[in-house]
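Engineer: need a structure here:
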Amino acid sequence: MGKKASGQTTENLFYKARLAAAETDETFSSREKASLVLGIDRTRLARIEGDAVLPHPDEVAVMAKCYGDPALPLHYCAENCPLGQGRAVPVDDGDLDRLTLRVLGSLQSAGELTEKLVAITSDGKIEKAEEETLREVLALLDRVSAAGASLKLWAEKNTTV
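Structural biologist: Numbers count the residues shown, from 1 in each chain. This next block holds a predicted model:
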């Protein structure tokens, strides 16, 4: 395997994804070899992995496909894309048992969410006094959405679903 980078690069999402791919495919053990497969110049790949530049969306898509990491576009959209920042739900690509517990916890909150949503929307409008409750409902919906998306990501990475 190629030399391991140091410093800021080691925390870079794209660097970590390439190293993870290198565990099963030697092609990704060095930037030079990876750049040939990815169609991304080696120097540009180094700058992406070193946080000097953001990758273009098409580069993220290629890395995700070649590295077998469907989380890359999701993280990119949530954290780097001007259109997705603040709107895209960040996902967690953790262990199945932890993700399952998050989904179950979110679903248990769904009854409470339903009751609050019906209470504040039954008259067809949101009163000023109901806006805080609406914010709580929307935050809970974000948690449910993130838990579901994280479980879906796990399934994409670890099954043929």
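Engineer: Need the nearest residue in space to Tyr76, chain neighbours excluded.
Structural biologist: What sits nearest to Tyr76 in space, not counting adjacent residues and going by Cβ to Cβ, 6 or more residues apart in numbering, is Val60, at 4.7 Å. The C-beta positions use only the backbone N, C-alpha and C, and glycine is treated the same way.
Engineer: What strand or helix carries that neighbour?
Structural biologist: helix 57-67 (DSSP states H and E).
Engineer: Also Glu156?
Structural biologist: Using DSSP H and E, Glu156 falls in helix 131-158.
Engineer: which residue lies farthest from the center of this protein?
Structural biologist: Asp123 (37.1 Å; Cα atoms, centre = their mean).
Engineer: in this protein, which spans are strands?
Structural biologist: Counting by DSSP state E, the chain forms no strands at all.
Engineer: give me the low-pLDDT residue ranges for it?
Structural biologist: Low-confidence regions of the chain, defined by pLDDT under 70, span residues 1-9, 86-90, 161.
Engineer: Only the buried residues of the helix holding Val60, if you could.
Structural biologist: Judged by neighbour count (16 or more other Cβ atoms under 10 Å), helix 57-67 contains these buried residues: Glu59, Val60, Val62, Met63, Ala64, Cys66, Tyr67.
Engineer: can those go into TSV with extra columns for distance to Ser30?
Structural biologist: Below are those laid out as TSV (distance: Cβ to Cβ, whole Å):
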residue	distance to Ser30
Glu59	18
Val60	20
Val62	17
Met63	15
Ala64	19
Cys66	14
Tyr67	14
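Engineer: residue contacts, Leu45?
Structural biologist: Residues in contact with Leu45 (Cβ atoms under 8 Å, 6 or more residues apart in numbering) are Arg31, Ala34, Ser35, Leu38.
Engineer: Now do the first one: how many residues are near it, please.
Structural biologist: Pointing back at Arg31 there. 23 (other Cβ atoms under 10 Å).
Engineer: try the third one
Structural biologist: Taking other Cβ under 10 Å as the criterion, the count of residues near Ser35 is 16.
Engineer: Can you tell me how far it is from Trp154?
Structural biologist: 29 Å (Cβ to Cβ, to the nearest Å).
Engineer: what's the residue nearest to Tyr76 in contact with, if anything?
Structural biologist: Val60 touches Phe14, Leu72, Pro73, Tyr76, counting by Cβ under 8 Å, 6+ apart.
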